[in-house]
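Undergrad: okay, structure incoming, though there's no sequence with it:
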């Protein structure tokens, strides 16, 4: 499994409790049903240290890196990023990780 971790610093206009919540809700609604997405979680800063660095975190789960690439090229994803999310972002960091869940296997 692949987890794609996003961290966003929003523009001043959206770096408010209301702006963060609106962006989080829109992101969850827009991305959760896209092809290849196995799961999504959206986070808001839980303490002052997180809030000083980031306004929003988004973690998406995929079966493979090929699914990540298909998601990135998906027209609905591109439209959301280009028209909604992108204009709200001042800084972004994105990484992909292979996840081992720790389940015992026989």
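TA: Nice, I can see it. Since we're looking at a predicted model, the values are computed, not measured. Numbering: from 1, shown residues only.

Undergrad: what ranges do the strands span in the chain?
TA: Per DSSP state E, the chain carries strands over the ranges 2-10, 39-43, 56-62, 89-98.

Undergrad: buried stuff in the shortest one?
TA: Residues of strand 39-43 classed as buried under the neighbour-count rule (16 or more other CB atoms under 10 Å) are 40, 42. To be clear about C-beta, it is placed using only N, CA and C from the backbone, and glycine gets the same treatment.

Undergrad: if you count contacts, what does that strand end up packed against?
TA: Counting contacts by 3 or more CB pairs under 8 Å, 6 or more residues apart in numbering; DSSP states H and E, strand 39-43 packs against helix 17-31, strand 56-62.

Undergrad: touching the helix or strand of the chain with the lowest mean pLDDT from outside, list them.
TA: Lowest on mean pLDDT, DSSP states H and E among the helices and strands of the chain sits helix 48-53, with a mean of 94. With contacts defined as CB atoms under 8 Å, 6 or more residues apart in numbering, helix 48-53 is touched by 7, 9, 45.

Undergrad: out of the residues you listed, who has the most neighbours?
TA: Ranked by the number of neighbours (other CB atoms under 10 Å), the contacts of helix 48-53 place residue 7 first, at 18 neighbours.

Undergrad: got the contact list for the residue lying closest to residue 44 once chain neighbours are set aside?
TA: With sequence-adjacent residues excluded and distances taken as CB to CB, 6 or more residues apart in numbering, residue 44 is closest to residue 20, at 5.3 Å. If you count contacts by CB under 8 Å, 6+ apart, residue 20 has them with 10, 14, 44, 45, 55, 56.

Undergrad: does the second one touch residue 88 like I think?
TA: Yes - Residue 14 is within contact range of residue 88, at 4.6 Å (criterion: CB atoms under 8 Å).

Undergrad: overlap of the contact sets of those two?
TA: Common neighbours of residue 14 and residue 88 (CB under 8 Å, 6+ apart) are residue 23.

Undergrad: okay, who's weakest in the contacts of helix 48-53 by pLDDT?
TA: Least confident entry in the contacts of helix 48-53, by pLDDT: residue 45, with 95.
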